[in-house]
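Q: I would like to see how this sequence folds:
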Amino acid sequence: MNSMELSDLQQKIETIQKKWEQGDNDAVFEGKNAIEAVIAGLDQGKLRVAEKHEGDWKTNAWIKQAILMYFKISPMADSSAGPFSYYDKIPLKSNYQELNVRCVPPATARYGAFMEPGVVLMPSYVNIGAYVGAGSMVDTWATVGSCAQIGKSVHLSGGVGIGGVLEPATANPVIVEDGAFIGSRCIIVEGVQIGEEAVLAANVTLTASTPIIDARTDKFTVTKGYIPKRAVVLPGTREKEISGGKIYTSCVYIIGERKESTDKKTSLNDVLREFSLSV
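A: Numbers count the residues shown, from 1 in each chain. I've put the predicted structure just below:
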């Protein structure tokens, strides 16, 4: 899709959205062709909900608006896959062989999600608008929520929950950058971004408000919403004073980082041994 076609499609979606917000429900159905073109572009990997430009991620709100309108124009319908039957508005993705993606039964991805070659879907779920990079593993019972962006050579371990977001359209999706390792039962939601080659131990929970405490220096620093490149992260708690006494609230600690001097596989093994992480 060239820049002129992209600009025209964006303008059409934004016009439809404006009319819809003004109470013209017919505009959504009249704009069906443009809406379906966006979803087809997502399904083919020609469009992405979020893209990286000069080091920063930009969310394409108009594409998320098209997804929301696609739900409105899509009727409920029966569908089946082998012995499984479904009743939903969004059909299942089905072109795995063409994409060179391994999909292990009963893994499910919705139409409008895209996986690059070499992705492995163990029994898992990938929602509409999501993007999974080449060579990544979505392990058993892991979920990739709507519009989440997963990089290349990422491992989402068993039971990982990557949150989805459609509304508001301007909200940033969860982003896991290339080479990251997400330990079992981790939860990442509310637009949190995981930097390249970061390692999260099992059971890390990250929301937009979770304190991220960098314990690599004498004076701890606290941030939110972003895990730096190659950081090694484990779950924790910190003390909080309330009127009735002391309680302990959730946080995460950055306790080290992967070494650039080793390749990814060796680096990951070193991390697991050095920091005794559960994954």
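Q: Which stretches in the stretch 151-279 of the chain count as helices?
A: Using DSSP state H, counting those that start in this stretch, the helices of the stretch 151-279 of the chain run over residues 264-275.
Q: where exactly do the strands run in it?
A: 155-156, 161-162, 175-176, 181-182, 187-188, 193-194, 199-200, 205-206, 212-214, 221-223, 226-227, 231-242, 245-257 (DSSP state E, counting those that start in this stretch).
Q: So which of those is nearest Phe71?
A: strand 161-162 (20.2 Å; Cβ to Cβ). C-beta coordinates here come from the backbone N, C-alpha and C atoms, glycine included.
Q: how distant is the closest one from the center of its chain?
A: Put simply, strand 161-162 sits 7 Å off its chain's centre (Cα atoms, centre = their mean, to the nearest Å).
Q: Renumber starting at 283 from here on
A: In the new count, where the first residue is 283, that last one comes out as strand 443-444.
Q: just checking, what packs against that strand?
A: In this structure, strand 443-444 makes packing contacts with strand 425-426, strand 469-470, judged by 3 or more Cβ pairs under 8 Å, 6 or more residues apart in numbering; DSSP states H and E.
Q: so where's the longest helix in the chain?
A: helix 285-303 (DSSP state H).
Q: for that helix, which positions count as buried?
A: For helix 285-303, a neighbour-count test (16 or more other Cβ atoms under 10 Å) marks 291-292, 294-295, 298-299, 301-302 as buried.
Q: And stretch 376-394, by the same measure?
A: Buried residues in stretch 376-394, defined by neighbour count with 16+ other Cβ under 10 Å: 381, 383, 385, 389-394.
Q: which regions of the stretch 333-482 of the chain lie under the pLDDT threshold?
A: Of all residues in the stretch 333-482 of the chain, none has pLDDT under 70.
Q: Try it again at 90.
A: 335-337, 361-366, 376, 449-452 (pLDDT under 90).
Q: Present the helices and strands packed on strand 443-444 as JSON lines; the columns should include distance to Thr341 and mean neighbour count.
A: Below are the helices and strands packed on strand 443-444 laid out as JSON lines (distance: least, Cβ to Cβ, whole Å; neighbours: other Cβ atoms under 10 Å):
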{"stretch": "strand 425-426", "distance to Thr341": "17", "mean neighbour count": "25"}
{"stretch": "strand 469-470", "distance to Thr341": "16", "mean neighbour count": "22"}
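Q: This protein - how does it break down into domains?
A: Domain assignment for the chain by automatic domain parsing gives 285-355, 384-555.
Q: picking that back up, from the contact counts, what lies against the longest helix of the chain?
A: Helix 285-303 packs on helix 308-312, helix 314-325, helix 343-355, going by 3+ Cβ pairs under 8 Å, 6+ apart.
Q: With distance to Thr487 and mean neighbour count added, can I get the ones you listed in TSV?
A: Below are these laid out as TSV (distance: least, Cβ to Cβ, whole Å; neighbours: other Cβ under 10 Å):
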stretch	distance to Thr487	mean neighbour count
helix 308-312	37	14
helix 314-325	28	19
helix 343-355	25	20
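Q: Can you convert the ones you listed into CSV and add a column each for distance to Glu398?
A: CSV is the format used below for the helices and strands packed on helix 285-303 (distance: least, Cβ to Cβ, whole Å):
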stretch, distance to Glu398
helix 308-312, 31
helix 314-325, 13
helix 343-355, 18
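Q: Which of the ones you listed sits closest to Asn377?
A: helix 314-325 (8.1 Å).
Q: What mean pLDDT does that closest one get?
A: Summarised as a single mean, pLDDT over helix 314-325 is 97.
Q: Which helix or strand lies directly C-terminal to that helix?
A: Later in the chain than helix 314-325, the nearest helix or strand by DSSP states H and E is strand 332-335.
Q: got the buried residues for that following strand?
A: Ala332.
Q: now swap in stretch 507-523 and tell me
A: 509-518.
Q: Identify, from the residues you listed, the entry nearest to Gly538.
A: Val514 (4.3 Å).
Q: That closest one is in contact with Arg540, isn't it?
A: Yes: in this structure, Val514 is within contact of Arg540 by Cβ atoms under 8 Å, at 6.8 Å.
Q: can you redo the strands of the stretch 433-561 of the chain as CSV with distance to Gly364?
A: Formatted as CSV, the strands of the stretch 433-561 of the chain follow (distance: least, Cβ to Cβ, whole Å):
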stretch, distance to Gly364
strand 437-438, 24
strand 443-444, 26
strand 457-458, 30
strand 463-464, 29
strand 469-470, 30
strand 475-476, 34
strand 481-482, 34
strand 487-488, 34
strand 494-496, 43
strand 503-505, 46
strand 508-509, 38
strand 513-524, 38
strand 527-539, 40
